[in-house]
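[1] give me the fold of what follows.
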Amino acid sequence: MTYPAVDPNELSVIAVADFFAGRSWAGVMVSVDYYYGFLQGLIYTPAVILFDDPSLQYKAMLFINSVMISIVPLIAYSLSYRMRTGKIWKCLITAFAAGGFCCYYAHTKFAWTETVSIVLPWLIIWLVFRCGDCRNKTSRFFMSLLTGLVCGLSVAAHTRLIAVIAALVLSLVLERIFFGKKLVNFVGYFTSLIMTISGVAAVSAVLQRYLWCAEDASLLKNTLANFFAEFGKNMFGDGFVRFAETLSSQMYYYAAATWGLGAVSFCLFAAVLSACIKHKHKKDPQTYELELSVFSFFSVFTVIFTIIFSTFYRFSSDGYGVYQDTMMFGRFIDGVLPFALVFVLIMLFTHSISVNKILGAAAVLGVIYTAFIASAVPVILESASTRIAPVLGLYPLRVGAASRELLNFDSLFLTMSMTFCVMGVLLVVISCTKRYRSVIISTLMTAITVYSLVFISAVYLPICANESVEKNASVSELSEHVYNQNGAPAITAYNISRHNALMLQFLNRNVNVRVTYDIESVPENSFLAVRANEDVSALENSRTPFLLVAECGDLRLYAYGERASAYMVSQDIDEKELESEKDTLIPEKTTASSETTPEITTAPVSSSTTTERTPIVSTYTLPSVITLPADSLDEDDEWAVIE
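    Residues are numbered from 1 along each chain as shown. Have a look, this model is predicted:
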């Protein structure tokens, strides 16, 4: 991967890194209506400071991702060791199942917010257990402050991590109720948490105002302000039906992406919780250890709360009924799925798993799939497009199915069948053997992990790499004709895709890129980037110099105004040659109004997604900004779209 491909997820994160490095993308970020948090961008800031070449910067960011995600198997190993799993090979199997989860591997190959959002929940639970290791109140207090700090910073990574914080608080409350102990000092934890969240809110407000150019946070998607502003309207009418359909789809994705083991985690969690309640009522010693119980609470509550959060986020999507992945959207859930896998392995190694638990898990799968088929499948099958990234966890289970095909009932049924096959293998192993039970089940999970990783490496990532090259070919070539140096004329991106506009800014950090959708508002003395078939007769017929600099694929670059032309001359550009080519290179005039709307997405543009945000720039006034469907994987120009 040489350049970003996920627009505007990656490029918006890089814009934050540039903001902290002292550069502003406000002129182009005004067209982005999603706010993604700032923590990942803050982590990338050294990459944009140390390297000048955009390609090297991007590779450095992916290297940072690799280092960060390596923390996950280390923590999983540590947790397995703490739970007294016994032998080192069991800890290694647990670490591999967590760190080798295929979606972790895939999501960290892009410069978006996923890596830090994946790592933070693991770091949080590790810090909680470190608090429990403290021998005196002072050290525990300061460790609790650190835990609260990390929890607060998680909100700066992505708002969905609020579900992780809620899961942790509930787990600690249950720990206090059932065991009468506290791993964390509540005063220190909540004090630090509240102060950190307040600081995060202040920094976010600055970014939203001066980078996203939005004085009202409710105009930006993916924020709590927007969620509460739209919630009442979204629940009106068929909102409850859509919510139920989306919830069943989210549960289906969770069950299938974990190869059915997610249902096993629910049964094991129910066993731990019921045992804790029973022994607390009878005032008997608890069957399950303190740390194992806390981890079981945290892992399952994190999954459940994240599923609920994702459901609230997706059920009102404009892509509902347009994209198959809208309801099943699993990218939020992907970050916490391995907690269920690790919990199942730890229970297998420490307390074993009975036949009744497997039968119960099969029954849970049956309920989830029945609800999914009855409610959501008809809507999914009527959708005309889908994307791979939001439901990536399903694709390894679609054995033999082409990755670039729409999901049909056969492929959905195949994923469900695969999970029941795993339940059948577990049932046979647990029923027929006891001595080698752990070895066989560990081998099965290792085989599933290896197979999924091979699938991602051999199928999915090559698709992304090829589409990244194709998607960025025109804008990368066009960028070679722009003078990326201080003092160069600004670039006006007129009526081109947001990805191309953001890529122009990414490739030309020393030049200001501005977005407009009104040909009359194009400022003089700037370079103008337009689509090759765009009608620019209004500027061509003006008395202001208007010269074609380059035509690259489906994009063209013009010099508009005397200063831009003079700057070209100062850079030893042969202006006479450009004049001689003007008549042959400039397209014929056209008044086709159908060519004035950017062709960016297959989803219809809803009038309800149009915002009017005034950019905070002193010398440039932007007209009303046309925003696009506000939910296509947090953006609208996603790669790997299948129609």
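[2] only C-alpha atoms for contact and neighbour calcs from this point on.
    OK.
[3] residues making contact with stretch 427-442?
    Contacts to stretch 427-442, defined as Cα atoms under 8 Å, 6 or more residues apart in numbering, come from residues Ile93, Leu345, Leu348, Phe349, Ile353, Ser354, Val355, Ile358, Leu359, Leu426.
[4] by mean pLDDT, which helix or strand of this protein comes out lowest?
    helix 575-585 (a mean of 48; mean pLDDT, DSSP states H and E).
[5] in the stretch 401-550 of the chain, which spans are helices?
    For the stretch 401-550 of the chain, the helices defined by DSSP state H, counting those that start in this stretch occupy 409-432, 437-455, 461-479, 498-507, 537-540.
[6] same question for the stretch 201-350 of the chain.
    Per DSSP H, counting those that start in this stretch, the stretch 201-350 of the chain carries helices over the ranges 224-235, 239-257, 261-282, 290-314, 325-328, 331-334, 337-350.
[7] can you flag the weakest of the helices of the stretch 401-550 of the chain by average pLDDT?
    Between the helices of the stretch 401-550 of the chain, the one with the least mean pLDDT is helix 537-540; it has a mean of 84.
[8] just how off-centre is that one within its chain?
    The chain centre lies 41 Å from the centre of helix 537-540; the measure is Cα atoms, centre = their mean, to the nearest Å.
[9] what's the distance between the spatially most central residue of the chain and Asn533?
    With distances taken as Cα atoms, centre = their mean, Glu114 lies nearest the centre of the chain, 4.8 Å away. Here the criterion is Cα to Cα, to the nearest Å. By it, Glu114 lies 37 Å from Asn533.
[10] next: Leu168.
    Counting by Cα to Cα, the gap from Leu168 to Asn533 is 55 Å.
[11] among those two, which residue is more densely surrounded?
    Taking other Cα atoms under 10 Å, Leu168 and Asn533 do not tie; Leu168 has more neighbours (24 against 15).
[12] how near is the more buried one to Gly424?
    Computed as Cα to Cα, the Leu168 to Gly424 distance reads 33 Å.
[13] can you name every helix or strand that the helix or strand harbouring Met195 contacts?
    Element membership for Met195 (DSSP states H and E) is helix 186-210. Here helix 186-210 touches helix 137-157, going by 3 or more Cα pairs under 8 Å, 6 or more residues apart in numbering; DSSP states H and E.
[14] the helix it packs on: what's the following helix or strand?
    Past helix 137-157, the next helix or strand by DSSP H and E is helix 162-179.
[15] got the buried residues for that next one?
    Neighbour-count burial for helix 162-179 flags 162-165, 167-168, 170-175, 178-179 (criterion: 16 or more other Cα atoms under 10 Å).
[16] that one to helix 186-210, inter-axis angle?
    Here the directions of helix 162-179 and helix 186-210 differ by 170 degrees (axes from the mean of the first three to the mean of the last three Cα atoms, to 10 degrees).
[17] send the alpha carbons of helix 162-179 over as CSV?
    Taking C-alpha atoms only, helix 162-179 is exported to CSV below (Å, rounded to 0.1, in the frame of the first residue of the first chain):
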residue,chain,number,x,y,z
ILE,A,162,-17.9,4.4,25.2
ALA,A,163,-19.2,0.8,25.1
VAL,A,164,-15.9,-0.5,26.5
ILE,A,165,-15.9,2.1,29.3
ALA,A,166,-19.5,1.1,30.2
ALA,A,167,-18.6,-2.6,30.2
LEU,A,168,-15.6,-2.0,32.5
VAL,A,169,-17.7,0.1,35.0
LEU,A,170,-20.4,-2.6,35.1
SER,A,171,-17.7,-5.3,35.5
LEU,A,172,-16.1,-3.5,38.4
VAL,A,173,-19.5,-3.0,40.1
LEU,A,174,-20.3,-6.7,39.8
GLU,A,175,-16.9,-7.5,41.2
ARG,A,176,-17.6,-5.3,44.2
ILE,A,177,-21.0,-7.0,44.6
PHE,A,178,-20.0,-10.6,44.3
PHE,A,179,-16.4,-10.5,45.8
